[in-house]
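Chemist: Build me a model:
(2 chains)
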Amino acid sequence: GAGVSQTPSNKVTEKGKYVELRCDPISGHTALYWYRQSLGQGPEFLIYFQGTGAADDSGLPNDRFFAVRPEGSVSTLKIQRTERGDSAVYLCASSLDRGETQYFGPGTRLLVL
Amino acid sequence: EDKVVQSPLSLVVHEGDTVTLNCSYEVTNFRSLLWYKQEKKAPTFLFMLTSSGIEKKSGRLSSILDKKELFSILNITATQTGDSAVYLCAVLYSGGGADGLTFGKGTHLIIQP
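Modeler: Residues are numbered from 1 along each chain as shown, chains lettered A, B, ... in the order given. Predicted coordinates for the structure are as follows:
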């Protein structure tokens, strides 16, 4: 069956611009997670959705980052006024329910010039 | 302070060797420990461990958890060049505000022919 998909696979933008990253989870998975991975580091948790609601956004670094999941399936991570330090791979994962195994998508590599 | 520490950070061995990767953690309200293999972008799931002393096995890979000493190991026997990857250890725990996985920095494993 289809796994987690993410678009775009690569995104290059200029400092100060707005970007949106999309995640399509595995069908039927109620839990969805966003992570950010910098070079040489493990993924770092950003936000967790259970259904449509953001159950835990404690990992978002600041208020320039926001995510939505309006219908409990596809999620969009939004970054305003991008900074060079936002450059990283943004990974999305989904699980059947909270606490279950998380399956990752291929990620979006974001480069802010 | 890092909650999940992996060692070694990098390892180079020859094809056919056996390797042991280590992961120690320091969290309260532990729920589970997971191992992932990351070759390009998407971490692919290997094992989820919740109980001490029960070995999980998949082909040449095996893993075990020690909840008393707070560590896990991942063994790979008869290594092949296709095993070259970054192996990530992650812990899921309750409390601390994060419902996501907390990852270590990973072990970069290189298998030489």
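Chemist: So is the least confident helix or strand in chain A by mean pLDDT next to chain B?
Modeler: Within chain A, no helix or strand scores below strand A:53-56, which has a mean of 87 by mean pLDDT, DSSP states H and E. Yes: counting by Cβ under 8 Å from any Cβ of the partner chain, chain B has neighbours in strand A:53-56: A:A55, A:D56. C-beta coordinates here come from the backbone N, C-alpha and C atoms, glycine included.
Chemist: Tell me the buried residues in that strand?
Modeler: Residues A:A54, A:D56 are the ones in strand A:53-56 that count as buried (16 or more other Cβ atoms under 10 Å in any protein chain shown).
Chemist: How about the contacts made by A:S95?
Modeler: Counting by Cβ atoms under 8 Å, 6 or more residues apart in numbering or on different chains, A:S95 makes contact with A:H29, A:A31, A:Y33, A:T101, A:Q102, A:Y103.
Chemist: check those against chain B, which are close?
Modeler: Within the contacts of A:S95, those near chain B by Cβ under 8 Å from any Cβ are A:Y33, A:T101, A:Q102, A:Y103.
Chemist: and the two most separated of these?
Modeler: The span of those, defined through Cβ to Cβ, is set by A:Y33 and A:T101 at 11.7 Å.
Chemist: What is the end-to-end distance of stretch B:101-113?
Modeler: End-to-end span of stretch B:101-113 (Cα to Cα, to the nearest Å): 34 Å.
Chemist: cool, and stretch A:67-74?
Modeler: Terminal-residue distance, stretch A:67-74 (Cα to Cα): 11 Å.
Chemist: ok now that stretch, how far from the chain's centre?
Modeler: Centroid displacement of stretch A:67-74 relative to its chain, using Cα atoms, centre = their mean, to the nearest Å, is 11 Å.
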